[in-house]
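Trainee: Generate coordinates for the sequence data below:
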Amino acid sequence: MDHNFDFLCLSETWQPPNDFIPLNNSTPPGFIYSCRLRDSGRGGGLAMLYREKWKVLPVSTPAYHTFESITSQLSGPTPTIVATVYRPPKPNKEFLNDFVQFLTHLSTLSPNILLLGDFNIHMDNTSNALTRNFTSCIDSFGLHQLINFPTHLKGHTLDLICCSGLSPVDCKAISLPFSDHMLVSFNANLALSKINLPRTISFRNIKDINLDILSSGISSFPNADSFSTPDELVLHYNNSLHNLLDYLAPLKTRSVTFTRSSPWFTPALRQLKSKGHQLERLYNKTGLTVHKEIYHNHIPPKRTASHRLNPPITLV
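Mentor: Numbers count the residues shown, from 1 in each chain. The predicted structure is shown next:
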């Protein structure tokens, strides 16, 4: 929340089976998460927290014994595949073979791939055979590894960001007080699909109020104390009106979803539209030529269909 992240990918969550309390407590309001537990033993575990307004779909990938992964698809004009990986530090000669199969599967899903996580490979040691082979592997799939600074307290580069079809910027590592690994962050411009979240609105059926009952209710207001101050009298009158309104037109709530966003509809345009309705009602009521002219002067000239402008909306 301090860094205003949209997505946070976690490795080594150490989440026990059927225990979601720590992740639930760690998820801020307005965020949801997906997670994957280690199949056996303790430790490991992966999760991704993200703002609930983004459309994120789970992606099924084969399971491998040499590393853990969780993969999601960020929906948009060109879907973006986000794969978080944790590779245990213990050497395993089958890792690269498994990883090649994993990358082969990801490359069939979308040209836009974000591959990140804790690989426990010393990328700062170019003489290491695993480092060279891993670099050659990701290069063969057109992935670019962006991290060239230490991500571990001992000065090694273990946490990586590999991507294709994207150009992340502002990559940096931030020390954390509770981990020997640093928080690796970056920015990326993505065209994403946004979920229209339901909103709760409140309203009253004012038009259904019976005017005779309203008039009778106002006439039967309880008398105020004759020694009341002006402020107390105003408060008494307002409370009586409020109670009568709650009785005749109780406040109702409804959950609604707006299927079309209109960010161009500014408060100033809303005020102009409201003023137009007022002038229209005045002209319809009086029929006077002067009111007709005022109303017509307020309405902008109509555009033909070929001249209408629909502002493009890009979600980044």
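Trainee: which residues does residue 10 bridge with?
Mentor: Per DSSP bridges, the residues bridged to residue 10 are residue 47.
Trainee: Next, count neighbours for it.
Mentor: As a burial measure, residue 10 scores 20 neighbours (other C-beta atoms under 10 Å). No exception for glycine: its C-beta is placed from N, CA and C like everyone else's.
Trainee: tell me the contacts of it?
Mentor: The neighbourhood of residue 10, defined by C-beta atoms under 8 Å, 6 or more residues apart in numbering, consists of 46, 47, 48, 49, 84.
Trainee: how close does it get to residue 101?
Mentor: The gap separating residue 10 from residue 101 is 24 Å, by C-beta to C-beta, to the nearest Å.
Trainee: Apply the buried test to the contacts of residue 10 and list what passes.
Mentor: The neighbour-count criterion (16 or more other C-beta atoms under 10 Å) marks 46, 47, 48, 49, 84 among the contacts of residue 10 as buried.
Trainee: ok, of these, which one's closest to residue 4?
Mentor: Nearest to residue 4, judged by C-beta to C-beta, of these is residue 49 at 13.3 Å.
Trainee: Would you format the contacts of residue 10 as a markdown table with pLDDT and distance to residue 273 included?
Mentor: Listed next are the contacts of residue 10 as a markdown table, based on pLDDT from 0 to 100; distance: C-beta to C-beta, whole Å:
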| residue | pLDDT | distance to residue 273 |
| --- | --- | --- |
| 46 | 96 | 49 |
| 47 | 95 | 46 |
| 48 | 95 | 42 |
| 49 | 95 | 40 |
| 84 | 97 | 47 |
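Trainee: Helices of the stretch 1-150 of the chain, start to end?
Mentor: Assigned by DSSP state H, counting those that start in this stretch, the stretch 1-150 of the chain shows helices spanning 21-26, 95-107, 129-140.
Trainee: residues near residue 19, how many?
Mentor: Residues lying near residue 19 (other C-beta under 10 Å) number 11.
Trainee: and what of the one 3 residues further on?
Mentor: For residue 22, the neighbour count with other C-beta under 10 Å is 13.
Trainee: residues in contact with it?
Mentor: By C-beta under 8 Å, 6+ apart, the contact set of residue 22 is 13, 15.
Trainee: State the distance from it to residue 222.
Mentor: From residue 22 over to residue 222 the distance is 56 Å, taken as C-beta to C-beta.
Trainee: Check residue 38 too.
Mentor: 69 Å.
Trainee: When these two are compared, which one has more neighbours?
Mentor: Applying other C-beta under 10 Å to residue 38 and residue 222 shows that residue 38 carries more neighbours, namely 19 against 6.
Trainee: which ones are touching that one?
Mentor: 44, 45, 68.
Trainee: Show me where this structure has its strands.
Mentor: Taking DSSP state E as the criterion, the chain carries its strands at 7-11, 31-36, 46-51, 56-59, 68-74, 80-86, 112-118, 144-145, 159-164, 169-174, 183-187, 199-203, 252-256.
Trainee: Now do the fourth one: everything it contacts.
Mentor: With C-beta under 8 Å, 6+ apart as the test, strand 56-59 has contacts from 34, 48, 50, 71, 72, 73, 74, 75, 81, 109.
Trainee: What strands flank it, and is each parallel or antiparallel?
Mentor: Looking at strand 56-59 with DSSP bridges, its partner strands are strand 68-74 (antiparallel).
Trainee: Same check on the shortest one?
Mentor: Listed by DSSP bridges, the sheet partners of strand 144-145 and their directions read strand 159-164 (antiparallel).
Trainee: what does the second one give?
Mentor: Strand 31-36 has these partner strands in its sheet, going by DSSP bridges: strand 46-51 (antiparallel).
Trainee: report the angle between the axes of the partner strand and strand 80-86?
Mentor: With axes from the mean of the first three to the mean of the last three C-alpha atoms, to 10 degrees applied, the angle from strand 46-51 to strand 80-86 works out at 140 degrees.
Trainee: Give me the residues contacting strand 46-51.
Mentor: Outside strand 46-51, the residues that touch it by C-beta under 8 Å, 6+ apart are 6-11, 13, 15, 23, 26-28, 30-36, 56, 68-70, 72, 82, 84, 86, 117.
Trainee: so where's this protein shaky on pLDDT?
Mentor: Applying pLDDT under 70 to the chain flags the ranges 196-197, 257-264, 301-316.
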